[in-house]
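A.B. asks: Show me the folded form of this:
(4 chains)
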Protein chains: 2
Amino acid sequence: MNKCDQCIVRQLSSLKALNKDEVIKLANSKTTYTIKKGEAIFEEGEVTNGVFCVKDGVGKLSKLSANGKDQIVKLVKSGELLGQRSMISNEPANLSAKAIADMEVCFIPKTEIIHFFNNNNQFSLNLMQSVCEDLKESDNDKIALVQKTVKQRLAETLLQLHDDFGENPDKTLKVQLTREELAGIIGTATESCIRLLSDFNKLELIELAGKKIILKNVKALKKLAE
Amino acid sequence: MNKCDQCIVRQLSSLKALNKDEVIKLANSKTTYTIKKGEAIFEEGEVTNGVFCVKDGVGKLSKLSANGKDQIVKLVKSGELLGQRSMISNEPANLSAKAIADMEVCFIPKTEIIHFFNNNNQFSLNLMQSVCEDLKESDNDKIALVQKTVKQRLAETLLQLHDDFGENPDKTLKVQLTREELAGIIGTATESCIRLLSDFNKLELIELAGKKIILKNVKALKKLAE
DNA sequence: TTGTAACTATGACATTTATCATGTTAAAAT
DNA sequence: ATTTTAACATGATAAATGTCATAGTTACAA
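C.D. replies: Numbers count the residues shown, from 1 in each chain, chains lettered A, B, ... in the order given. Predicted structure coming up:
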């Protein structure tokens, strides 16, 4: 009944370093939740006391500003862990985690993770590397925010969404974001985002199939993003 | 002859978790360098193969953009470690590290750090927490870049420089940055930065003593930064 | 000491992006 | 089916910021 063993999170995340016994421990301590689109897994300021494994769906890590805008810091997909940073730092969550598509997540209590961390060097190294990867991405995003125009950032983000989440059979992007959310990722006003999507559409860089987006000219988008 | 024991880095960084034997190992494997203002400790893309302890001076982690602007990601002061991320990720440096004030640094080879990481849980936890702290700061900076105006970010940065580095007897900020570097931190054009400093000066929020800066009205600056 | 380069400063102007207003379309609820 | 709401879209305008030009200042080297 060792259910965690075949889980995608176990295959993709730091948890891949766990041995058989540890996986059994894991399976016994986890709690599974279903989170519907729009709902929160945890909110900024909450004490989480563990990490969440994303089995299925898509989530966003974001922070609400005074003027009501929701800046998205990172999208999370299945196979990833959520809440590592605040757990390790021993702090309340710095960001809110919400579902963008219906999610299935497992909660693993902090005590388990710390135990693995202290007893399994490969696990702690993996965990460390995963945080380091996040740091690198965050730094690079920061630089892009300053050095690139909104247009460039939109092109870059569309390509990234395509790379990270893939496309449906009809070629539309698999992640379904509202224009507001997309604006929240690239760090601009919703109207600006919509306007630029229209421009991209007219230039045949993309095609707007209702709310869905098809990348038509990846090469040109890449060039634009530089 | 256990020289590392009294070092400020040993007192402030993750290295504080090391025991006596480990500190001796450390002292035997380290190499000390002097870096003059303006010189690089390592450049973006370089393989570092270890970390640098900052014994004295101030450094900047930055990335050069296509248009020649140097975006500063983080300032580093004595007591901190440099190059942790790329060492752990096993990657070439993502950012360049340069001295803003003359620096004294010690290089610790990767093999040593990995050894400590694998054998000293407190050290690995400290290291992890330090990277987590960087990640949180980076995410928050990212959000500030989008949600705050240049004016707010300048006010915020001045206060932070004051907090992190303190002031000289004549009340001027201890870190001596060029306007260009200051602009690189807040993510704006040098001219915009200069102009706003002039404005702040006229409003008596700060005082410009030549190139040096005195914070005159901290309260008002804090209010402005929000 | 003088010359040169780097830094600071400011004005004029262009560009980018946000904001406000308003309309349209699509989705969800009754 | 119809109402209601949320999401998308676009124009007009304002505000913020970048760019270019130019000049004064400071630091430092010859």
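
A.B. asks: now the longest helix seen in chain A, how far from the centre of its chain.
C.D. replies: Longest helix of chain A, by residue count under DSSP state H: helix A:121-147. Offset of helix A:121-147 from its chain centre (Cα atoms, centre = their mean, to the nearest Å): 13 Å.

A.B. asks: Where do the strands of chain A begin and end?
C.D. replies: For chain A, the strands defined by DSSP state E occupy A:31-35, A:40-42, A:50-64, A:70-77, A:81-82, A:96-109, A:206-209, A:212-215.

A.B. asks: What strands line up against the fifth one, and which way round?
C.D. replies: Pointing back at strand A:81-82 there. Strand A:81-82 sits in its sheet next to strand A:50-64 (antiparallel), going by DSSP bridges.

A.B. asks: close to DNA strand D, is the partner strand?
C.D. replies: No: Strand A:50-64 stays clear of DNA strand D (Cβ under 7 Å from any atom of the strand), getting no nearer than 13.5 Å. Glycine gets a C-beta too; all of them are placed from N, C-alpha and C.

A.B. asks: if we can go back for a sec, report the mean confidence score over the longest helix of chain A.
C.D. replies: Computed over helix A:121-147, the mean pLDDT rounds to 94.

A.B. asks: Run through the neighbouring helices and strands of that helix.
C.D. replies: strand A:70-77, helix A:84-89, helix A:110-119, helix A:150-165, strand B:70-77, helix B:84-89, helix B:110-119, helix B:121-147 (3 or more Cβ pairs under 8 Å, 6 or more residues apart in numbering or on different chains; DSSP states H and E).

A.B. asks: Format those as TSV; extra columns: mean neighbour count.
C.D. replies: Formatted as TSV, these follow (neighbours: other Cβ atoms under 10 Å in any protein chain shown):
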stretch	mean neighbour count
strand A:70-77	20
helix A:84-89	23
helix A:110-119	17
helix A:150-165	18
strand B:70-77	20
helix B:84-89	23
helix B:110-119	17
helix B:121-147	20
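
A.B. asks: how about the residues of chain A near DNA strand C?
C.D. replies: A:N67, A:T149, A:V150, A:K151, A:G187, A:T188, A:A189, A:E191, A:S192, A:G210, A:K211.

A.B. asks: who touches the fourth one in this structure?
C.D. replies: The contact partners of A:K151, by Cβ atoms under 8 Å, 6 or more residues apart in numbering or on different chains, come to A:L196, A:D199, A:L224.

A.B. asks: List the ones among those that fall in helices.
C.D. replies: Secondary structure assignment by DSSP H places A:L196, A:D199, A:L224 of the contacts of A:K151 in helices.

A.B. asks: Please work out how many residues are found near the first one.
C.D. replies: Using other Cβ atoms under 10 Å in any protein chain shown, A:L196 has 20 other residues around it.

A.B. asks: Report the spatially nearest residue to it, omitting neighbours in sequence.
C.D. replies: Spatially, and ignoring its direct neighbours in sequence, A:L196 is nearest to A:L154 (5.2 Å; Cβ to Cβ, 6 or more residues apart in numbering or on different chains).

A.B. asks: Correct me if wrong: that neighbour contacts A:I186.
C.D. replies: Yes: with contacts counted by Cβ atoms under 8 Å, A:L154 reaches A:I186, the gap being 5.3 Å.

A.B. asks: Around DNA strand D, pick out the residues from chain A.
C.D. replies: A:T178, A:R179, A:E180, A:E191, A:I194, A:R195, A:L197, A:S198, A:L208, A:K211.

A.B. asks: Counting neighbours, which of the residues you listed end up buried?
C.D. replies: Those of the residues of chain A next to DNA strand D that meet the buried threshold are A:R179, A:L197, by 16 or more other Cβ atoms under 10 Å in any protein chain shown.

A.B. asks: would JSON lines of the residues of chain A next to DNA strand D with distance to A:I108 and pLDDT be doable?
C.D. replies: JSON lines is the format used below for the residues of chain A next to DNA strand D (distance: Cβ to Cβ, whole Å; pLDDT from 0 to 100):
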{"residue": "A:T178", "distance to A:I108": "31", "pLDDT": "95"}
{"residue": "A:R179", "distance to A:I108": "35", "pLDDT": "96"}
{"residue": "A:E180", "distance to A:I108": "32", "pLDDT": "95"}
{"residue": "A:E191", "distance to A:I108": "41", "pLDDT": "96"}
{"residue": "A:I194", "distance to A:I108": "40", "pLDDT": "97"}
{"residue": "A:R195", "distance to A:I108": "43", "pLDDT": "96"}
{"residue": "A:L197", "distance to A:I108": "39", "pLDDT": "97"}
{"residue": "A:S198", "distance to A:I108": "44", "pLDDT": "95"}
{"residue": "A:L208", "distance to A:I108": "40", "pLDDT": "93"}
{"residue": "A:K211", "distance to A:I108": "35", "pLDDT": "90"}
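
A.B. asks: circling back: quick one: residues contacting the residue nearest to A:L196.
C.D. replies: A:L182, A:I186, A:T188, A:C193, A:L196, A:L197, A:F200.

A.B. asks: if we can go back for a sec, out of the strands of chain A, which is closest to B:E167?
C.D. replies: Comparing those against B:E167 with Cβ to Cβ, the closest turns out to be strand A:50-64 (31.4 Å).

A.B. asks: What are the buried residues along the closest one?
C.D. replies: Buried residues in strand A:50-64, counted by 16+ other Cβ under 10 Å: A:50-55, A:57-64.

A.B. asks: Nearest to DNA strand C among those residues?
C.D. replies: Using Cβ to the nearest atom of the strand, A:L64 comes nearest to DNA strand C of those, at 14.4 Å.

A.B. asks: Now for the closest residue to the closest one other than its chain neighbours: which residues touch it?
C.D. replies: Distances taken as Cβ to Cβ, 6+ apart put A:D70 closest to A:L64, at 5.4 Å, once the chain neighbours are dropped. Residues near A:D70 by Cβ under 8 Å, 6+ apart: A:S62, A:K63, A:L64, A:E180, A:E181, A:G184.

A.B. asks: swap in A:S62?
C.D. replies: Taking Cβ under 8 Å, 6+ apart, one finds A:D70, A:Q71, A:I72, A:V73, A:L95, A:S96, A:K98, A:G184 in contact with A:S62.

A.B. asks: With distance to A:T34 and pLDDT added, can I get the residues you listed in CSV?
C.D. replies: Formatted as CSV, these follow (distance: Cβ to Cβ, whole Å; pLDDT from 0 to 100):
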residue, distance to A:T34, pLDDT
A:D70, 23, 91
A:Q71, 27, 94
A:I72, 22, 95
A:V73, 24, 95
A:L95, 21, 95
A:S96, 18, 94
A:K98, 14, 94
A:G184, 24, 95
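
A.B. asks: from memory A:Q11 sits against A:K55, does it?
C.D. replies: No: counting by Cβ under 8 Å, A:Q11 sits too far from A:K55 to count as a contact (11.2 Å).

A.B. asks: tally of neighbours for the closest residue to A:F107 other than its chain neighbours?
C.D. replies: Excluding its sequence neighbours, the residue lying closest to A:F107 (Cβ to Cβ, 6+ apart) is A:T31, at 4.6 Å. As a burial measure, A:T31 scores 11 neighbours (other Cβ under 10 Å).
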